[in-house]
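Undergrad: below are the sequence and a predicted model for it; my questions follow.
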Amino acid sequence: MALRGNWMYENNGGTCVAIAGADYCVIAADTRLSVGYSIYTRDYSKICKLADKCVMASSGFQGDLKALQKNLAAKHL
């Protein structure tokens, strides 16, 4: 996918999956942060704990997602 002009957003990719039942929930995500063929780090958690029973898994542009995580975490305090 070609970027046009001064587009400031990057798709950092990633995979997140979750499955839940009556008394359990399993959430998993990869830990690689990359853009295209460039790997920034292989140790970046895409799962964020917001409260005791609330987590958020995210993929895509991590700048926006990090800001969303901070806003949601502040509202749960």
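TA: The structure has been received and is ready for your questions. Computed from a prediction, not measured in an experiment: that's the story for all the values here. Numbering: from 1, shown residues only.

Undergrad: relative to A22, how far out is the residue nearest to the spatial centre of the chain?
TA: Compute the mean C-alpha point of the chain, and by CA atoms, centre = their mean the closest residue is S58, 2.6 Å away. For S58, the distance to A22 equals 26 Å [CB to CB, to the nearest Å]. Placement of C-beta: from N, CA and C, glycine included.

Undergrad: same check, this time on Q69
TA: Q69 sits 28 Å away from A22 when distances are taken as CB to CB.

Undergrad: same drill for these two, tell me which one is more crowded.
TA: Q69 (18 against 4; other CB atoms under 10 Å).

Undergrad: how far does stretch 19-29 sit from the chain's center?
TA: For stretch 19-29, the separation from the chain centroid amounts to 17 Å (computed by CA atoms, centre = their mean, to the nearest Å).

Undergrad: in that stretch, what's buried?
TA: Within stretch 19-29, the residues that qualify as buried are A29, counting by 16 or more other CB atoms under 10 Å.

Undergrad: contacts for it, please.
TA: When contacts are defined by CB atoms under 8 Å, 6 or more residues apart in numbering, stretch 19-29 is touched by residues G14, T15, C16, V17, A18, S45, K46, I47, V55, A57, S58, S59.

Undergrad: rerun that using 6 Å as the cut-off
TA: Surrounding stretch 19-29, the residues in contact under the criterion CB atoms under 6 Å, 6 or more residues apart in numbering are C16, V17, A18, K46, I47, V55, A57.

Undergrad: what's the nearest residue to the first one if we skip its chain neighbours?
TA: Yep, that's C16 we're talking about. A57 (3.8 Å; CB to CB, 6 or more residues apart in numbering).

Undergrad: next up, the contacts around the residue nearest to the centre of the chain.
TA: S58 is in contact with K46, L65, counting by CB under 6 Å, 6+ apart.

Undergrad: poorly predicted segments of the chain, please.
TA: In the predicted model of the chain, residues 1-6, 76-77 satisfy pLDDT under 70.
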